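Novice: Whatever this is, show me its structure:
(2 chains)
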2 protein chains.
Amino acid sequence: MKNLIKVGFRNLLFRIFAVQIFTKVFMQTPQKIAVVGSGLVGTLLAIYLKRAGHTVHVFDRSPDIRTVEFSGRSINLVMSNRGWKALEDVGLDEEIRKIGIPVDKRAIHLQDGKLNYQYYGKEGEAIFSLSRGVLNRKMVDLAEAEGVEFFFERKIWDVTLATATLWEGETEQGEWTELKYDKVFGADGAFSRIRHRMQRQSMFDYSQEFMKIGYKELHIPANADGSPKIDIHSLHIWPRGNFMLMGLANLDNSFTCTLFMPIEGENSFESLTNEEKLVSFFATYFPDTKDVIPDLVRDFFRNPNSYLAIMKCFPWTFNDKIALIGDSAHAIVPFYGHGMNAGFEDITILNELMQQYGDDWDRIFKAYEISRKPNADAIAELSRRNFEEMSAKTVDTNFLLQKKIEKWFSDKHPEKWMPLYSRVTFSLQPYSEAMAIGDFQNEIMQEVLKMDNIQENWNSEEVENKILELLK
Amino acid sequence: MKNLIKVGFRNLLFRIFAVQIFTKVFMQTPQKIAVVGSGLVGTLLAIYLKRAGHTVHVFDRSPDIRTVEFSGRSINLVMSNRGWKALEDVGLDEEIRKIGIPVDKRAIHLQDGKLNYQYYGKEGEAIFSLSRGVLNRKMVDLAEAEGVEFFFERKIWDVTLATATLWEGETEQGEWTELKYDKVFGADGAFSRIRHRMQRQSMFDYSQEFMKIGYKELHIPANADGSPKIDIHSLHIWPRGNFMLMGLANLDNSFTCTLFMPIEGENSFESLTNEEKLVSFFATYFPDTKDVIPDLVRDFFRNPNSYLAIMKCFPWTFNDKIALIGDSAHAIVPFYGHGMNAGFEDITILNELMQQYGDDWDRIFKAYEISRKPNADAIAELSRRNFEEMSAKTVDTNFLLQKKIEKWFSDKHPEKWMPLYSRVTFSLQPYSEAMAIGDFQNEIMQEVLKMDNIQENWNSEEVENKILELLK
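Specialist: Below is the predicted model:
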């Protein structure tokens, strides 16, 4: 395990160095490529493919997102280093940074109204809050400007894997038209049609698992003078054990809030059946939201309940013809804020492999899925665990002491200890390594927390030596 | 855990007692019920439903199995107590026993040609070898005799869950006919179309996982005089670590053999590319099969490679309209010989609940899936583990010693120790309890195996006391 840490750091250095090498997209022999799905990953991938010299068609069954109202079922996104890296490599990071808001800490709202701040990383380290809809519109604009062609309200029902042929039509049972490509990317999300076809092949591993927790979008508007009602540079959390409310700022100083709560049981979506129960529930558990969520009742009963699923599969590719990318290959829960970041990192790795292997798409696809699969599994697991961290541990004394010791030790020995959150969010270290090292660090911290009088002696030489010893 | 063992025994007694109560199928208010799939579970379920007073239509996309040649990709079945129980309750066990061959032991073929026997249970305890095809034909006959109506070569492509409507047609993209029922059972196997529709609902958990091991059917004919070439009352295993050959007798004294082997790598299906390699491989690893598998080369290259998958899902039902049963709800690997037994036990439990709740199908279905799911998961896990037991542990000295001690202690204290295999195969204890108790027993045995000179003292009073102590 100590070796793993060393390897971890070496890899980290390699990847930081790699940023220097791979700042361009290399040209390939032009192909006709279809991307199914015009979401964040689909649009960014389309830009990369276009830059590499290909003809790129993006299909989406929905209307152009630039022409529609948002759905009321969104969770704001956070962009962190992995996401930025993928944008930087095609020079689009500055453009996107303009529509994001830096968030450098958690603001923990206790039930008695007190507020605690927990910084995410070192000074200057921040994640960026972005409205999914605003970002997606921007990405479509950028892709169009590159010459990517979009085909909205075009329903792809099936794909012939061996020939990269899409089957498009008005209805699943109606007439279909054949659309022949050299290559098809399925960027069509957790319920991917492209994956659906792959799934019916022998030797295709697949799982979908729904959480017992659902979510609902709520809204904190800006003040009448345009100022925000709460700090925009914080990710706000109201942690209440097995449920929580969170909020992330929008550009107009409003906040998109998300209530995560069990679907059934006590304090569940099922239990909040009328206005009276809802208002009383919020008054009990989230008293300080009374003045900031004015349309609670309307939003709660108008906005849909949404569900959370973890989807895993393998393989992600079929010969040199088909590849899954983003949520269609690995849908995760949103509690680490890494769904988009993981999808964008898929593109970074794919692009690195396109540079490494040129036109050998067989090899590119094979290396891509082998490289990404363990990392997708790791961020899936880390995201699942983070619900408990956000909703319960952020107010747990032992956990807060652990974080404090880690921060102190990490400041003293930055080369020996990078906290898990920083590895995941502020580094490009592969997720699977970050998780393995994080698990090892956690074992060490459990030993440290057992030391006598650790509450008082948390920053003593004894503790420092103990950690150094355990790290050996 | 000690309490669990007690509960285990209590449950066991309850279930033995229950056999006395539930020997009949009670009448319900007649409904029109479709069973999709005319396999073993579909046909037996149809008989139960017919006996309960319903109109029962069984659909299958394949031709009537009584009219076709067998496929050359079968693994012989073993019927054990759970399977017999489901047949007994409708008085069909005697009929089926006639086409089975009792098997009371494993015959372990060592690489040097030596043969060891390992008995499965106590004297008189045996599993029954059955040809899948022969049994299936018999079951269709029996169901038809009951008045069940069969519709062969009728392809069901989809189902409307809320109204129990089947959609039938020649091709998936062609015209479909609507077939309206009161209730639909999906007994259509691991790749169930009925489940396929349920899977596209929100909150449906699903996983499919393919093993890296495939299998191939081979054949040991009877001698010219009709006598068997090897003992028919044994399940023959040639355990070779990560691959193995096994054989089970047919009624005509021939044997259906199955070669289980990795798909890729050293000693894999991929590596046996020609006759020379195949013959040399068998000469090295299975020298004693030379005289008994005369058509090895023909069979190996003619019969298809088959794959093994574990499929899990939940829920298994939709309102009072749809239920999955057998492999469509829980496909497992064949290494414990419990695929059919688990499916038949689904029917036993369903029937018990039909008796308990009368016409309240909502309640029947809800109780059915809640009761069966943990047991299906347990036999899936036990079956997965059993590959290693069969292919490697059956020749492991420590493992054999463990079995010997267990047998000795169990004979001395039958009320305190029933080995896992017996719980699973010769009892009706729920699989999940059997597994939990088996895991606990295994922990005890690991402690016992650490005792000094255990090889010599395995049946000493010291060992007996140690186990009694650990059981407390």
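
Novice: going forward, measure contacts and count neighbours with C-alpha atoms only.
Specialist: Fine.

Novice: From residue A:461, how far out is residue A:444?
Specialist: 16 Å (Cα to Cα, to the nearest Å).

Novice: Ignore what I typed, I meant residue A:100.
Specialist: Residue A:100 is 42 Å from residue A:461, by Cα to Cα.

Novice: which residues touch residue A:82?
Specialist: Contacts for residue A:82 (Cα atoms under 8 Å, 6 or more residues apart in numbering or on different chains) come out as A:341-342, A:344-345, A:425-428.

Novice: mind putting the residues you listed in TSV, secondary structure, neighbour count and pLDDT included?
Specialist: TSV is the format used below for the contacts of residue A:82 (DSSP: H, G, I helix; E, B strand; the rest coil; neighbours: other Cα atoms under 10 Å in any protein chain shown; pLDDT from 0 to 100):
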residue	secondary structure	neighbour count	pLDDT
A:341	helix	23	98
A:342	helix	27	98
A:344	helix	26	98
A:345	helix	25	98
A:425	helix	25	95
A:426	helix	18	95
A:427	coil	20	95
A:428	coil	23	96
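
Novice: wait, which of those is closest to residue A:112?
Specialist: Using Cα to Cα, residue A:425 comes nearest to residue A:112 of those, at 30.6 Å.

Novice: what sits against the closest residue to the closest one other than its chain neighbours?
Specialist: Take residue A:425 and drop its neighbours on the chain: the residue closest to it by Cα to Cα, 6 or more residues apart in numbering or on different chains is residue A:80, 5.7 Å away. Under the criterion of Cα under 8 Å, 6+ apart, the neighbours of residue A:80 are A:126-128, A:341, A:425-426.

Novice: Could I get the phi/psi values of residue A:80?
Specialist: When read as degrees, to the nearest 10, the backbone of residue A:80 gives phi -130, psi -170.

Novice: Same drill for residue A:100 and residue A:461, tell me which one is more crowded.
Specialist: Higher neighbour count among residue A:100 and residue A:461: residue A:100, with 21 against 10, using other Cα atoms under 10 Å in any protein chain shown.

Novice: Show me the contact partners of whichever strand or helix holds residue A:195.
Specialist: In this assignment (DSSP states H and E), residue A:195 forms part of helix A:193-198. Outside helix A:193-198, the residues that touch it by Cα under 8 Å, 6+ apart are A:156-159, A:161, A:186, A:188, A:204, A:324, A:328-329.

Novice: which of those residues are buried?
Specialist: A:156-159, A:161, A:186, A:188, A:204, A:324, A:328-329 (16 or more other Cα atoms under 10 Å in any protein chain shown).

Novice: Determine which two of these are furthest apart.
Specialist: Maximum distance among these (Cα to Cα): 21.1 Å, for A:156 and A:204.

Novice: List the contacts of the closest residue to residue A:318 other than its chain neighbours.
Specialist: Nearest residue to residue A:318 in three dimensions, chain neighbours excluded: residue A:161, at 6.8 Å (Cα to Cα, 6+ apart). By Cα under 8 Å, 6+ apart, the contact list for residue A:161 reads A:197-198, A:318, A:321-322.

Novice: Quickly note the distance from residue A:426 to chain B.
Specialist: 33 Å (Cα to the nearest Cα, to the nearest Å).

Novice: Not counting its neighbours along the chain, what's nearest that residue?
Specialist: Excluding its sequence neighbours, the residue lying closest to residue A:426 (Cα to Cα, 6+ apart) is residue A:81, at 5.3 Å.

Novice: now the strands for the stretch 201-350 of chain A?
Specialist: All strands of the stretch 201-350 of chain A, identified by DSSP state E, counting those that start in this stretch, fall at A:205-220, A:234-239, A:244-249, A:255-262, A:306-314, A:317-318, A:322-324, A:330-331.

Novice: how about the ones you listed, which one is nearest residue A:400?
Specialist: Comparing the strands of the stretch 201-350 of chain A by Cα to Cα, strand A:234-239 comes nearest, at 13.8 Å.

Novice: The closest one: partners in the sheet, and parallel or antiparallel?
Specialist: strand A:105-109 (parallel), strand A:244-249 (antiparallel) (DSSP bridges).

Novice: Average pLDDT for the longest one, rounded please.
Specialist: If I follow you right, that is strand A:244-249. Averaging pLDDT along strand A:244-249 yields 96.

Novice: follow-up on the earlier one: now for the residue nearest to residue A:426: which residues touch it?
Specialist: A:127, A:341, A:425-428.

Novice: What is the nearest of the contacts of residue A:161 to residue A:69?
Specialist: Looking across the contacts of residue A:161 and measuring by Cα to Cα, the closest to residue A:69 is residue A:197, at 31.2 Å.

Novice: Close to chain B: what parts of chain A are there?
Specialist: Counting by Cα under 8 Å from any Cα of the partner chain, the residues of chain A close to chain B are A:173-174, A:202-211, A:307, A:309.

Novice: Read off the pLDDT value for the residue nearest to residue A:425.
Specialist: 96.

Novice: Likewise for residue A:174?
Specialist: pLDDT, read off for residue A:174, is 87.

Novice: Next: residue A:75.
Specialist: pLDDT at residue A:75 comes out at 75.

Novice: Just say helix, strand or coil for it.
Specialist: coil (DSSP: H, G, I helix; E, B strand; the rest coil).

Novice: Find the nearest non-adjacent residue to it, please.
Specialist: Nearest non-adjacent residue to residue A:75, counting by Cα to Cα, 6+ apart: residue A:258, 6.5 Å away.

Novice: check contacts around the residue lying closest to residue A:316 once chain neighbours are set aside.
Specialist: Of all residues not flanking residue A:316 in the chain, residue A:324 sits nearest, at 5.2 Å (Cα to Cα, 6+ apart). Counting by Cα under 8 Å, 6+ apart, residue A:324 makes contact with A:185-187, A:194-195, A:316-317.

Novice: Can I get the strands of the stretch 201-350 of chain A in a markdown table including distance to residue B:392?
Specialist: Putting those into a markdown table (distance: least, Cα to Cα, whole Å) gives the following:
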| stretch | distance to residue B:392 |
| --- | --- |
| strand A:205-220 | 26 |
| strand A:234-239 | 50 |
| strand A:244-249 | 50 |
| strand A:255-262 | 45 |
| strand A:306-314 | 28 |
| strand A:317-318 | 34 |
| strand A:322-324 | 38 |
| strand A:330-331 | 35 |
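
Novice: Tell me which of those sits nearest to residue B:52.
Specialist: Minimum separation from residue B:52 across the strands of the stretch 201-350 of chain A (Cα to Cα) falls at strand A:205-220, 35.7 Å.

Novice: From chain B, how far out is the residue nearest to residue A:316?
Specialist: If you go by Cα to the nearest Cα, the gap between residue A:324 and chain B works out to 18 Å.

Novice: got a pLDDT number for that residue?
Specialist: 98.

Novice: For the residue of the stretch 201-350 of chain A found nearest chain B, which non-adjacent residue is closest in space?
Specialist: Closest contact between the stretch 201-350 of chain A and chain B, by Cα to the nearest Cα, is at residue A:207 (3.8 Å). Distances taken as Cα to Cα, 6+ apart put residue B:207 closest to residue A:207, at 3.8 Å, once the chain neighbours are dropped.

Novice: Give the bridge partners for the one you found, please.
Specialist: Going by DSSP bridges, residue B:207 is paired in beta bridges with residue A:207, residue B:312.

Novice: contacting residues for it?
Specialist: A:205-208, B:310-313.
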